[in-house]
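**Student:** sequence plus predicted model, see below.
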Amino acid sequence: MKISMISILITILCAVLLGVFLPSCSNPSSGGGGSNPVVYVAGYYTGGSGKKVACYWKDGVKTDLTDGTNDAEAFAIFVVSGSVYVAGYDNNQAYYWKDNMAGAVPLPGALASRGNGIYVSGGTVYVAGYSDNLGQAKACYWVDSGTPTKKDLLGAQPSQALSVFLSGSDVNTSGYYSGSTASYWVNELDLPTPLPDGTGGRGMSIVVSGGTRYTAGYYDGGKACFWVEDAAPNHLDNSAKGLSISVSGGLVYTAGFYNPGAITATYWIGTTRQPDLTGTIPSRAEAIHVVDGVVYTAGWHTPLPSFAASYWTDGVRTDLTDGSSNAQAYSIYVVP
């Protein structure tokens, strides 16, 4: 078949015009194929009723998870295959939510309970937290592959599981037992592993990278640190706490705060504290996620009169609320 030169020119011209005037298509839930990372942040803001409203922000756009009838907070967020999973509580009961308010899943157990951490793998949701037992917090985690079930963790009360990370078939949780002994657990029936020098502390956040377990937290009442497996703590700062951990490119990143006179949001690479995160003080960095060498942290700072939820990208702050009423960000997840 012969094609005239005019037909070829028309075809080329149409292709050029389409390239100029049609926007490129990407799925924002998948992060746009690596072009523009999508930042998800979980926390709460204060509603018109004066109650805390659990919510998350996607690139700054807020989605409410509760209706403001009762106090509620969202403590952890995880994103997989375009779905957003958030753990927290509503009216003093542990919940997780999938995507929005309609996706609320109450977790079984005592009324006084919390969902502190969340991980999703193979369609199964894992939530770390606690449930009341005879008037004291009892560390546990929930597993939901169709029907949520509670798995109590061993160790003297009061205790809490504050973070969860799945590695192979092992469910790793970190937290504390006996009121103030930093620890981690592997699966339901294992005894808690006390972290060295962990008396007066907590294991706030746990990840497994390259088969090695890393836990961020604090010891001796307020010395920020991270632990690698069961070795002695890697000391970060006095009058400080490590609240979240991320491992990327062989480096350990820990977010938290230190107190040079007022609590100040910061993060450490290895054991070296980085420049203070921008923002007024007091402030805290509650969470960290490192993606493609970029450090994302989430937390809050204090423009009077209230706390403002915010996140930082390599130290550059993005405010999620204006500080006119209290709001805090507790967790961050970035989809590249």
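**Tutor:** That came through fine.
**Student:** pLDDT weak spots in the stretch 151-300 of the chain?
**Tutor:** Along the stretch 151-300 of the chain, the model assigns pLDDT under 70 to no residue.
**Student:** strands along that one, start to end?
**Tutor:** 160-167, 170-177, 181-186, 193-199, 202-209, 212-219, 223-228, 234-238, 240-248, 251-258, 264-269, 272-273, 284-291, 294-301 (DSSP state E, counting those that start in this stretch).
**Student:** just send those strands back as TSV, with distance to residue 114 and mean neighbour count too.
**Tutor:** Yep, even glycine has a C-beta here, placed from its N, CA and C like the rest. Converted to TSV, the strands of the stretch 151-300 of the chain look like this (distance: least, C-beta to C-beta, whole Å; neighbours: other C-beta atoms under 10 Å):
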stretch	distance to residue 114	mean neighbour count
strand 160-167	8	24
strand 170-177	11	26
strand 181-186	17	25
strand 193-199	21	19
strand 202-209	14	24
strand 212-219	17	25
strand 223-228	23	25
strand 234-238	26	18
strand 240-248	16	25
strand 251-258	20	25
strand 264-269	23	24
strand 272-273	30	12
strand 284-291	15	25
strand 294-301	19	26
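**Student:** output those in CSV; the columns should cover distance to residue 39.
**Tutor:** Formatted as CSV, those follow (distance: least, C-beta to C-beta, whole Å):
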stretch, distance to residue 39
strand 160-167, 20
strand 170-177, 24
strand 181-186, 28
strand 193-199, 31
strand 202-209, 18
strand 212-219, 21
strand 223-228, 24
strand 234-238, 25
strand 240-248, 14
strand 251-258, 15
strand 264-269, 16
strand 272-273, 24
strand 284-291, 9
strand 294-301, 6
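**Student:** for these, which one sits closest to residue 51?
**Tutor:** When these are compared by C-beta to C-beta, strand 294-301 sits nearest residue 51, at 18.0 Å.
**Student:** what are the C-alpha coordinates of the closest one, in CSV please?
**Tutor:** Extracted in CSV, the C-alpha atoms of strand 294-301 (Å, rounded to 0.1, in the frame of the first residue of the first chain):
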residue,chain,number,x,y,z
VAL,A,294,15.0,11.7,50.1
VAL,A,295,14.2,12.0,53.8
TYR,A,296,10.5,12.5,54.7
THR,A,297,9.5,13.2,58.3
ALA,A,298,6.2,14.0,59.8
GLY,A,299,5.2,15.5,63.1
TRP,A,300,4.1,18.8,64.5
HIS,A,301,5.3,22.3,65.5
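**Student:** quick one: work out the angle between that strand and strand 240-248.
**Tutor:** Calculated by axes from the mean of the first three to the mean of the last three C-alpha atoms, to 10 degrees, strand 294-301 forms an angle of 150 degrees with strand 240-248.
**Student:** residue 189: neighbour count?
**Tutor:** Residues near residue 189, counting by other C-beta atoms under 10 Å, number 10.
**Student:** residue contacts, the residue lying closest to it once chain neighbours are set aside?
**Tutor:** Nearest-residue entry for residue 189: residue 154, 7.2 Å, with adjacent residues in sequence omitted and distances by C-beta to C-beta, 6 or more residues apart in numbering. Listed by C-beta atoms under 8 Å, 6 or more residues apart in numbering, the contact set of residue 154 reads 185, 189, 190, 191, 192.
**Student:** could you report the distance from residue 154 to residue 162?
**Tutor:** Residue 154 sits at a distance of 16 Å from residue 162 (criterion: C-beta to C-beta, to the nearest Å).
**Student:** repeat that for residue 134.
**Tutor:** As judged by C-beta to C-beta, residue 134 and residue 162 stand 21 Å apart.
**Student:** which residues are contacting stretch 137-147?
**Tutor:** So stretch 137-147 is contacted by 94, 96, 105, 107-109, 112, 115, 123-132, 148-153, 155, 157-161, 164, 171, 173, 175-177, 185, 188, 192 (C-beta under 8 Å, 6+ apart).
**Student:** distance between that stretch and the chain's centre?
**Tutor:** Between the centre of stretch 137-147 and the centre of its chain there are 18 Å (C-alpha atoms, centre = their mean, to the nearest Å).
**Student:** next, the buried residues of that stretch.
**Tutor:** Using 16 or more other C-beta atoms under 10 Å as the test for burial, stretch 137-147 gives 137, 138, 139, 140, 141, 142, 143, 144.
**Student:** redo these as JSON lines? Include distance to residue 199.
**Tutor:** Formatted as JSON lines, the buried residues of stretch 137-147 follow (distance: C-beta to C-beta, whole Å):
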{"residue": "137", "distance to residue 199": "18"}
{"residue": "138", "distance to residue 199": "20"}
{"residue": "139", "distance to residue 199": "17"}
{"residue": "140", "distance to residue 199": "23"}
{"residue": "141", "distance to residue 199": "24"}
{"residue": "142", "distance to residue 199": "28"}
{"residue": "143", "distance to residue 199": "30"}
{"residue": "144", "distance to residue 199": "34"}
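**Student:** of all these, which comes closest to residue 230?
**Tutor:** Distance to residue 230, by C-beta to C-beta, is smallest for residue 139 among those, at 18.6 Å.
**Student:** tell me which element the closest one falls in.
**Tutor:** strand 136-144 (DSSP states H and E).
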